[in-house]
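Undergrad: predicted coordinates and the sequence they were generated for:
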Amino acid sequence: MIDKRLFQLPGVKSLFQMLAGLTILQAFAILLQAKYLAESLVILWHRQNWHLMLIPLVFFVIAFLVRHLLTWLKDILLDRFATKSTEHLRQQSLAKIYAAGLQMTAKKGSGNLVTNVLNGMDDVHDYFNLILSKFMNLAIIPWVILCFVFYQDHTSGIILILVFPVIILFMIILGYAAQRKADNQYSEYVTLSNHFLDALRGLPTLKMLGLSKQYAHNVYSVSESYRKRTMSTLRVAILSTFALDWFTTLSIAIVAVFLGLGLMNGRIALYPALIALILSPEYFLPLRDFSSDYHATLNGKNAFTAVNELIATPITAPQKQLDSFTWNKTSQLTLEHIDFDYDQQPTLKDLSLQLAGFQKIAIIGQSGSGKSTLLDLLGGFLTPNAGQVIVNEQVIPNLAQINWQNQVTYLPQKPHLFSDTIANNILFYQPKAAPLALQKAVQQAGLTEFIASLPDGLDTLVGEGGRGISGGQAQRIMLARAFLANQRHILLFDEPTAHLDIETEYKLKQTMLPLFENHLVIFATHRLHWLQQMDYVIVMDQGKIVEQGPIEQLQKQNTGPFYELTSHMRGEQ
Amino acid sequence: MWKKDTWVKPYLKQYKFLLVTVLFLGVCTIFCGAALMFTSGYTIDKSATHPFNILLIYPAILLTRAFGIGRPVFKYVERLRSHNWVLKVTSKLQTRLYKTVETDAAFFTEKYRTGNLLGLLAEDINHLQNLYLRTVFPTVVGVLLAIVVTLGLGYFDWWFAFITAMLLLIEILVVPLLSTAIEAGRRQKQKTYKDQLYTQLTDNILGVNDWILAGNQQQFQDNVQQKVQLLNQSKLHSNHFRWCRDFLLQVVLAGIFITLMFFASYRLTGSVEQANYTAAFVLAVSPVGEAILPISQGFEEYPLYKDSIQRLNDLQPTVQDLPKQAHLDPQQFQNLKINNLQFEYDADSPVLIKDFQQNLHRGQKLALIGPSGTGKTTLLQLVNGDLQPQKGSVTLNDINVRTLRDEQRNLFSFLNQQPFLFNTSIMNNVRLGNPHKSDEEVKQALKAVHLQELIESLPDGYETNVTEAGARFSGGEQQRIALARILLQDAPIVLLDEPTVGLDPITENELLNTIFTVLKDKTIVWVTHHLQGINHVDQVIFLNHGKIEMQGNPKQLYQDNQHFQELYKMDQGL
């Protein structure tokens, strides 16, 4: 009934102790409230002077207020705990996202992750809040009340104690039935509920096909069948709430009747009878609260599971195994028998290669051949399952090394611009660079004219919520960042010009070439013109290096993987 | 906002009978809950007088049972009915939203393209559902209940009835409205923080590789955490307010208890028989309190609902003023002329297309190349008549396309970067091209685009669902499905908007070969970003900032124009 993982949260024990203490106090407040209310009612029934009623009435109000003050206090404690725990989880998730890098997070979908870390955490917060308080109430209050009622009147106590398991049993049976029915209909349900957005998004297509007007009927009829479907599920789904209501109200009625009979034959006095009656609804209240919030907490439970899974992903943040060094023209990197296999990423098998100094290396291959994965291994964003890496004679298991990554600049196909000024985007690796250096980088990246055309110049906001920027300019901003970070001597490119139009690509290429000097360049691409600037080629196919060698040598051949791939890419034109 | 509202108020008149039933059942539910305690209290008090015959308390016992059963039954039926009403209204709202968007002439411009407006609007309708279920219904039921209680007490004593009514009104209306007003600013602030946080986090995740290379994990976590802290602080204030408010509501409820005690003491102690009702009146307070206290909670989301209602009401479709419509038989189509075209989205934005001229005969093919944002897509929308140019015109056989809006589907087909596939079977998706075609013809079209083998190898064959947004198929395959749709549509002019963007060169080559083979008789305007497959067209135009930089037959250009030659060589990697 209650999630075991909750007991592993830090600080949960002391919270439980405090909550238990306060809840016991609260239970007694409820008893006192009932006692004094019953006392005043007896006085009223005896038609005594209203002055006599005042004292129990005052005590009743005090007990009543104390009870609700205790709720307030518990809320504060719970909220503090829930916030602290969620923030702890959020920190851990962020650390994991950082460790995992874009390659892993992209698999989960960045939107999904954002939801996990934001809305998901809100759900988790509510989950902690609700489940702990409701659970504690249910664990304490009914039983204290039951003892007291039993002490006042055995018959009422027996009725109350008998009804409880019956309610639980029915709720379980009906809950399962509803669950089964809901499960059966779930896929259809999702289809129908997405249908409306589907129709809105597909509207341009429908318009083009001249079907948009008549499709409105379809929208209505699908909405209506969604309604019918929901109603038929709901009819069963809320049966368990119905059962709970039914048994609680009915048992209150039965208690009242038995009390009435007991009073008539003089078995019991009015005062204890009133107490028993007043306390009957209070006895069921925690159970009703628990079940009404139970469904609300399901989202939180799922979100909690999702965040735990994220945190449990076996990925570690970049390491410090590699000694600090600077890549220069005599540096060497060797990969030996590298295997990689994870999730849905392309698998790499037995990769070996050797790079040195300021070589220019092209990686070519079909989509899905593992070019990007290899590049990600080289950037240390992914780590191999087997094999070893040697950097200047130091053997390390992978390149997820702080001292490797501080040598690397990476340009992806679609660069991400941070929601910040252009200047800060360029200064990202080098926040303290001199203004003059910044100016120079801007000029080297061919941005001077563009920046001058902006009213705010380098202080123009870009990225989400900022000014829209064309793909070519975005790449230039990345280039400026690379020019500025001149202590980084390894450049990784992943199709930086693939989605640009040909003229932009042509101009951008002229800007990029000077950057290649004094850098180790590793360039994954479909665009064959880059081969002219390279001196070594790696051809990949299905996760393997099928050919590698100096470019002049490969270009002379009329057979082999390189020849086949390049002629295939050019098409038969 | 409420005065001009057309998205909430009018619908309260829909399905009136059902709505009245819902409210009636709502009142009955609470009434039964209170009556159960009332009759229980009476039974006990009456029994305490030791009546000589059990029959004297029998009616009370019977009523106690009846109310005990009545409450859950009414509640169950009320919940079903209210959902039914809300979902019925939802069907109407969704249809209306669809129709509104459909008729909006601005649909083709930026308005719907930026951001996630469509998603937001769809979500807004869901918010309206909650507005009814969590705010409107409980409040109306609460008010009705307050009236019943007041009238009931008023039968005995108008003064006590008045005091009770005031206290009830505080619980049902005053506190909810006041707390909404007080919290509104804070909620707004929280929404802003949340949006910022959302941006920051998305930014962090998408740029995580850059953070790793920068080696700055601390900053990566801190910049999110800072914003979270701001948000949490504000939320804590809201919580403190809520806890305080909830306590105040309980204090008021205690006030109602006290009022009824004194009422019982003043009015019901005249005789033994009257005194039997004392416990009844006082005990009925608890169930009433239980029902009305949550109303304040229902108001908490009001700022959210308000945004939604505002957004829906702001949705004023601009009606297209189209010239008188003409007719053109697609078979008769001979030439497409673009005359001195000029276009800008509005006075503030730059002129996108300037003095654009072109003449295409039936079967001719034109390619447009240029950087993003130079208005290539806009040009396609001008060609098929979706947009009205400021100057010039587009004509088919000298008939203005703006007068051929009703026949657009017979004249134009459109294939864009990400073809939209509906969440239904492949068969249905392709048949949308022409609903009158037989299964056999659909299969023929799929064969022509080289999908036959793939589809027949799937377990469900042609009935395979393409799943949401066509996620089941690769980019190239999705384009092929959309291409089959175009084949069925069989319009003489086909507009291609970068259909191969994002595909690898081999897939791209194959797709372009298929496109130009199956569409060889069509007139084609093709927007592309590089020169792959350029030899398929008769004419290529390089556009930049609304101007033509270079144009001509690609083979001719390759011979005459050095710049084109360079570009072509680069594209081919020569």
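TA: Good, I have the coordinates.

Undergrad: now the element after the top helix by length along chain A, going C-ward?
TA: Looking across chain A with DSSP state H, the single longest helix is helix A:50-108. Per DSSP states H and E, the first helix or strand lying C-terminal to helix A:50-108 is helix A:110-117.

Undergrad: list the buried residues in that next one.
TA: Residues of helix A:110-117 classed as buried: A:S110, A:L113, A:V114, A:T115, A:N116, A:V117 (neighbour count, 16 or more other C-beta atoms under 10 Å in any protein chain shown). (Glycine included, C-beta is placed from N, CA and C.)

Undergrad: tell me who's in contact with B:D45.
TA: A:W45, A:L270, B:A275, B:N276, B:Y277, B:T278, B:A279, B:A280 (C-beta atoms under 8 Å, 6 or more residues apart in numbering or on different chains).

Undergrad: how much space between it and A:F59?
TA: Per C-beta to C-beta, to the nearest Å, B:D45 is found 21 Å from A:F59.

Undergrad: strands - which of the contacts of B:D45 land there?
TA: Among those, no member is found in strands (DSSP state E).

Undergrad: top of these by neighbour count?
TA: The most crowded member of the contacts of B:D45, judged by other C-beta atoms under 10 Å in any protein chain shown, is B:A279 (33 neighbours).

Undergrad: got the residue ranges for the strands in the stretch 251-400 of chain A?
TA: Secondary structure of the stretch 251-400 of chain A (DSSP state E, counting those that start in this stretch): strands at A:332-340, A:348-356, A:360-365, A:386-391, A:394-396.

Undergrad: name the residues of the shortest one that are buried.
TA: Along strand A:394-396, these residues count as buried under the neighbour rule (16+ other C-beta under 10 Å): A:I396.

Undergrad: again with the first one
TA: The neighbour-count check on strand A:332-340 (16+ other C-beta under 10 Å) flags A:L333, A:T334, A:L335, A:I338, A:F340 as buried.

Undergrad: list the contacts for the residue of chain A found nearest chain B?
TA: Nearest residue of chain A to chain B, counting by C-beta to the nearest C-beta: A:L528, 2.4 Å away. Residues near A:L528 by C-beta under 8 Å, 6+ apart: A:I364, A:T566, A:M569, A:R570, B:Q572, B:G573.

Undergrad: same check on A:A482?
TA: A:T409, A:L411, A:R488, A:L491, A:L515.

Undergrad: what residue ranges in the chain score low on pLDDT?
TA: In the absence of a named chain, chain A is used. Under the criterion pLDDT under 70, the flagged ranges of chain A are A:1-2, A:103-104, A:106-108, A:182, A:184-193, A:295-296, A:343-346, A:571-573.

Undergrad: should've been chain B
TA: Checking chain B against pLDDT under 70 turns up B:105-116, B:467-472, B:574.

Undergrad: next, name the residue at the spatial heart of it.
TA: Geometric centre of chain B, nearest residue: B:A122, 1.2 Å, by C-alpha atoms, centre = their mean.

Undergrad: let me see the domain layout of chain B.
TA: B:9-314, B:331-572 (automatic domain parsing).

Undergrad: before we move on, back to that, mind checking which of the strands of the stretch 251-400 of chain A is nearest A:T230?
TA: strand A:332-340 (46.2 Å; C-beta to C-beta).

Undergrad: give me the angle between the closest one and strand A:348-356.
TA: Between strand A:332-340 and strand A:348-356, the angle comes out at 170 degrees (axes from the mean of the first three to the mean of the last three C-alpha atoms, to 10 degrees).

Undergrad: of the buried residues of helix A:110-117, which is the nearest to A:G471?
TA: Ranked by distance to A:G471 (C-beta to C-beta), the buried residues of helix A:110-117 are led by A:S110 at 18.9 Å.

Undergrad: ok, the closest one - contacts?
TA: Contacts of A:S110 by C-beta under 8 Å, 6+ apart are B:T202, B:I205, B:L206.

Undergrad: just the buried residues from those, in PyMOL please.
TA: For the buried members of the contacts of A:S110, the matching PyMOL selection, counting by 16+ other C-beta under 10 Å, is:
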select buried, chain B and resi 202+205+206
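
Undergrad: could you list which of the contacts of A:S110 also contact chain A?
TA: B:T202, B:I205, B:L206 (C-beta under 8 Å from any C-beta of the partner chain).

Undergrad: turn those into JSON lines, columns for secondary structure.
TA: Shown next, in JSON lines, are these (DSSP: H, G, I helix; E, B strand; the rest coil):
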{"residue": "B:T202", "secondary structure": "helix"}
{"residue": "B:I205", "secondary structure": "helix"}
{"residue": "B:L206", "secondary structure": "helix"}
